[in-house]
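Trainee: predicted model and sequence below, questions to follow.
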Number of protein chains: 2
Amino acid sequence: MGMSLDSCVTILQYSLRVVQVVAAVLCLVAAGAISYVEAAVQYYDWTVAYTYASPDCVEKLVMAVNGEVPGPRIDATEGDTIVVNLTNHLPTEGVVIHWHGMHQVGTPYYDGTASVSQCTINSGETFTYTFIVDRAGTYFWHGHFAMQRTAGLYGSIIVQLPDSQKEQFYYDDEASILLSDWWHKSIYEQQLGLDSIPFRFVGEPQSLLIEGRGKYNCALDPGSNGASPSCLPCNASNPECAYHVIPVEHGKTYRLRIASITSLSSLNFVLEGHNLTVVTIDGRYIEPVVVENLDIYSGQSYSVLFTADQDQSRNYWAGINVRGRLPNTTTGLAVLQYLPNSTDLQLPPSKPPGSPAWDDFDYSLAQARLYKVKPGYEKPVPQSAGRTLILLNTQNKINGHIKWAINNVSFVFPPTPFLAAFKLKLKNAFSPIAPPDLPPNKPDFNIFALPNPNDPSEINANFGSSPYVFKLGETVDVIVQNANTLNPNNSEIHPWHLHGHDFWILGYGKGKFDPANDPQSFNLADPPLRNTVAVFPYGWVAIRFVATNPGVWPFHCHIESHFYMGMGVIFAEGIHKLPSLPTETLGCGLTKPRH
Amino acid sequence: MGMSLDSCVTILQYSLRVVQVVAAVLCLVAAGAISYVEAAVQYYDWTVAYTYASPDCVEKLVMAVNGEVPGPRIDATEGDTIVVNLTNHLPTEGVVIHWHGMHQVGTPYYDGTASVSQCTINSGETFTYTFIVDRAGTYFWHGHFAMQRTAGLYGSIIVQLPDSQKEQFYYDDEASILLSDWWHKSIYEQQLGLDSIPFRFVGEPQSLLIEGRGKYNCALDPGSNGASPSCLPCNASNPECAYHVIPVEHGKTYRLRIASITSLSSLNFVLEGHNLTVVTIDGRYIEPVVVENLDIYSGQSYSVLFTADQDQSRNYWAGINVRGRLPNTTTGLAVLQYLPNSTDLQLPPSKPPGSPAWDDFDYSLAQARLYKVKPGYEKPVPQSAGRTLILLNTQNKINGHIKWAINNVSFVFPPTPFLAAFKLKLKNAFSPIAPPDLPPNKPDFNIFALPNPNDPSEINANFGSSPYVFKLGETVDVIVQNANTLNPNNSEIHPWHLHGHDFWILGYGKGKFDPANDPQSFNLADPPLRNTVAVFPYGWVAIRFVATNPGVWPFHCHIESHFYMGMGVIFAEGIHKLPSLPTETLGCGLTKPRH
């Protein structure tokens, strides 16, 4: 292959794209959406491939970028343009990468979601993502095709304010940790289990990881052939699974950025001996609140401040514990190291820190309700909505398969991306019948009970993949209603994430949402903004957003197996203003070329 | 999705394609290539997905078609048109299916080879293969994308003569068996091992399967947590791994079709107590020869006749043993059942049958030389060639990775299919520099030694993927020369398979091919025709074919890991006569649409 010509063409393609993005930046600057001062273009060359790694002391295949586990961290400044040339070296799999928390204004085709924003990048291909980091904050990137995220395809995105802007709180230094949960079974096994009759659940994770490191309880797996479900060699002395260390100096104040990319687990974070002052959530300022420990759900991020004011002769644990599910996984640990303690890491003399009872949902709900937007730092919430969706989230059996459904529709991933289907006006890419705004024929639906086998509307869920289409600029309320699963007396936590937007959280409620009365309790004064919100068991959450971002945007449970099993919907807005799609995003499904 | 409209469009698409193929059939009939009498169109709806299966009593994920392991068998009559609607339900992988032994005259885009004949079928897509079974014989289909075949994606194609034609030998009834080898590690683990530094070989198979059934030595894996490399539950009473049974009646003569789809293993087949009369190889008639046991290499097929003339009060083993590699796998077994022995299967009272010593290559060479074309049944071999390639096959380290190379070029699979690159005249799809016809600068190359570290021409292999282009109608000789691997005193068997053609085997030789003298020993009288030939350790083989089939055709080692590691080349001919490509074969690499 003529490398020089090739490179030249590639560079030309980038250049054209960068020009487009720079135009978009200028547009955002003109609109006052971002302040353009030091905005720069950052280039990354990434290759996705499997590698052997031992994040929890047990070797397995990990889907890595440039061989790194977790993948490379992006450090940027608000307003920067990020250009990632992503080459797929997986032998048979397609791949995409989603930039979680990036709003992709003007670049919806770079949102990196399979079936939605682009055709997946085939084995051997290189695809260039070009987008603006439009807001300072703590974010992350991850695979968004079936369950590839669970294979380890994720990393951090840390976005600083421009030098010209002063942070709204004081700290001497900062650190960031990405939290995840970890399985020894491959994603192929996990996916097949979810697809099978009888259903085989992925089960609780073998380990919890902090910044990609944990310690599997090797006692369950003595030597290489023990009695554990993993039956993989376990080597606790492998440096790959050494504790992650957060070094601090006594008396200083730190900003700790905490993000969760877990596949299943809701977590509670504890910094032994130190309270945490929460100052931002999902990149948005809140009125600071002090907590002893921090609930964090998959898809969320926080900045917390703490002062290193404890005994500097010893170190302290940072720990994460499972919330909302009966824990079967030991505490994930990192070490808060008081400098200048010896470079040979001294483990804390204390036991791993505990968290509130896993099923103390009142505790979690109360903490979630603590967060209020910091007055004066965000534009005010619209006082009314033009459209309201009530999304009843149930577990159903469809043709014998256990699935999740929203208003009786279990989402399936179509072969043609929605964005291309809309932009190219393709017929038959998805059903022209819109999904229901309200739970169909279920005024008396009992969210506390098993589905009623005598009520077809409760048991006849079906597969579907048609989007909710909003008017550009419309204010939308969405109530997500949780219910009983197919198991008696069981309801679970679901962290719902919206692409392309942040939303206001107007309220959380227990039990069944009452459209007549519950809106009166909505917080229309200082609701927090974020991109991921937890819906608690047998409860509901009400969010509001303004559909100002032309594109197609999934709204889905961020638990990997749940979206895989259908727990999501598609939102679309500004269809008539969609930008022209880069050729590289096409080629699959109904977007094949006509030669 | 509007199912009825959808179905209608689909049916219309099939119809158009069938019309094209029928035109091709008529063309072949007119050319006398096939006799059109009862030719029919057969439709299949296949879905590729993983399933749980226990082919050797150990449960693992198997890449199945319609949940069957092995996949569905196609039974056809010469001249039939086969239409397979293949839907990909693998969550993240592309897929293709190759129809091994089908010549795809006029339909090179349906040869089903990734990087060569089409873009892989993405997850969720349906692709329709439409082709003619142009010759009676014993064939098979299999995945041809990275190592998906090894995951279990294969099945038989049995093609009968039209009723109007009489077979050239007598038998009362027939049976067929497909032979394979089986690993407990996933193909993802196997592929990564081959790609890694240090290299991790796939190792010897855990089991040998006959018609998809074998028995892993469960004693190595007691319970579910034993000391075996697999550490998977082993259940010898699972009916999925019951012995395959070949029922016979005393006194009758049977045609047994035997095909090998092994990933690694060369095999020797033994039918305890019964000699075998070999009558066809790879669908071609030979002068019948009697053998006590049959060597068979991956990619090959045989029809053998045997008479059930033994003790009908007992049953007999059919067994397969590993050839050419130090065996670490027990004999694969099936049962020859003399009817009417009880329906409760009586196992043979004897030990599993043995085979010649694994390293008795003289035995294998002598047997390979037995086969001569049956006089009068095939057109005569051309007496000279217009072009001769000598392909020196070496093992090399490239950037620290262990690879196979042909004339110092290790094949890599490009993202744009060759067929599209040629037909659409795409620049940069592959290097314009043709690969070398002869081993470069290696007149004194010692095939018995390790590569000479002081000779750059022996150690500087590199990656490449440019094709050999032949004139349409040109007669081509190819000598494949085996050599020492990167291990001292080691050379291996490589079964080379050619797509789109059968070839004459002009001769086998030991040691280094001598272009001045060896051609004088070529068999130009009655060489056998076939599509796969074994190259023995430290030996060579000479083949001849006529490049009459417009298309792009891989010629490669049929060992799955070897082609994955670069052991193959690409042949192309009749570029100016290539048919227009179905849209569905495009969309990847440089064939993305321009909207």
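Mentor: Thanks, I have it.

Trainee: for A:Q148, what are phi and psi?
Mentor: In terms of degrees, to the nearest 10, the main-chain angles of A:Q148 are phi -60, psi -30.

Trainee: what about it, how many neighbours?
Mentor: The burial metric for A:Q148, expressed as a neighbour count using other Cβ atoms under 10 Å in any protein chain shown, is 27. Where C-beta positions appear, they are placed from N, C-alpha and C, glycine not excepted.

Trainee: that one is in contact with A:I187, isn't it?
Mentor: Yes: proximity of A:Q148 to A:I187 meets the contact threshold set by Cβ atoms under 8 Å, at 6.7 Å.

Trainee: following the one helix or strand in chain A whose mean pLDDT sits lowest, which helix or strand comes up?
Mentor: Of all the helices and strands that make up chain A, helix A:3-30 has the lowest average by mean pLDDT, DSSP states H and E, namely a mean of 46. Beyond helix A:3-30 on the C-terminal side, the first helix or strand identified by DSSP states H and E is strand A:41-53.

Trainee: pairing partners for that following strand, with directions?
Mentor: Under the criterion DSSP bridges, strand A:41-53 sits next to strand A:60-65 (antiparallel), strand A:81-88 (parallel) in its sheet.

Trainee: B:T330 is nearest to which of those strands?
Mentor: Judged by Cβ to Cβ, the one of the strands paired with strand A:41-53 that comes nearest to B:T330 is strand A:60-65, at 28.3 Å.

Trainee: just the residues contacting that closest one, thanks.
Mentor: Counting by Cβ atoms under 8 Å, 6 or more residues apart in numbering or on different chains, the neighbours of strand A:60-65 from elsewhere in the structure are A:46-55, A:69, A:71-72, A:90, A:143, A:148, A:151-153, A:155, A:184, A:186, A:232, B:188-189, B:192.

Trainee: pull the distance from it to the chain's centre.
Mentor: 19 Å (Cα atoms, centre = their mean, to the nearest Å).

Trainee: surely A:D181 and A:P205 touch.
Mentor: Yes: under the criterion of Cβ under 8 Å, A:D181 is in contact with A:P205, at a separation of 3.7 Å.

Trainee: can you pull the contacts of the closest residue to A:T107 other than its chain neighbours?
Mentor: Using Cβ to Cβ, 6 or more residues apart in numbering or on different chains and skipping residues adjacent in sequence, the residue nearest A:T107 is A:F131, 5.0 Å away. Listed by Cβ under 8 Å, 6+ apart, the contact partners of A:F131 are A:V21, A:T81, A:I82, A:W99, A:M102, A:Q104, A:T107, A:Y110.

Trainee: what about A:F131, distance to B:D362?
Mentor: 65 Å (Cβ to Cβ, to the nearest Å).

Trainee: now A:Y564
Mentor: Between A:Y564 and B:D362 the distance is 56 Å, computed by Cβ to Cβ.

Trainee: SS state for the residue of the stretch 351-500 of chain A found nearest chain B?
Mentor: Nearest to chain B, among the residues of the stretch 351-500 of chain A, is A:P415, at 3.6 Å (Cβ to the nearest Cβ). Per DSSP: H, G, I helix; E, B strand; the rest coil, the secondary structure class of A:P415 is coil.

Trainee: where do the helices sit along the stretch 401-550 of chain A?
Mentor: Using DSSP state H, counting those that start in this stretch, the helices of the stretch 401-550 of chain A run over residues A:418-423, A:456-459.

Trainee: turn those into JSON lines, including mean neighbour count.
Mentor: Formatted as JSON lines, the entries for those read as follows, by neighbours: other Cβ atoms under 10 Å in any protein chain shown:
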{"stretch": "helix A:418-423", "mean neighbour count": "24"}
{"stretch": "helix A:456-459", "mean neighbour count": "16"}
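
Trainee: ok, the spatially most central residue of chain A - contacts?
Mentor: Compute the mean C-alpha point of chain A, and by Cα atoms, centre = their mean the closest residue is A:G299, 2.9 Å away. For A:G299, the set of contacting residues under the criterion of Cβ under 8 Å, 6+ apart consists of A:H100, A:S260, A:I261, A:P495, A:H497, A:N531, A:T532, A:H558.

Trainee: go again with 6 Å.
Mentor: Contact criterion Cβ atoms under 6 Å, 6 or more residues apart in numbering or on different chains gives A:P495, A:H497, A:T532, A:H558 as the residues in contact with A:G299.

Trainee: among those residues, which ones are in strands?
Mentor: Helix and strand membership here follows DSSP state E; of the contacts of A:G299, those in strands are A:P495, A:H497, A:T532.

Trainee: appreciated, that's everything.
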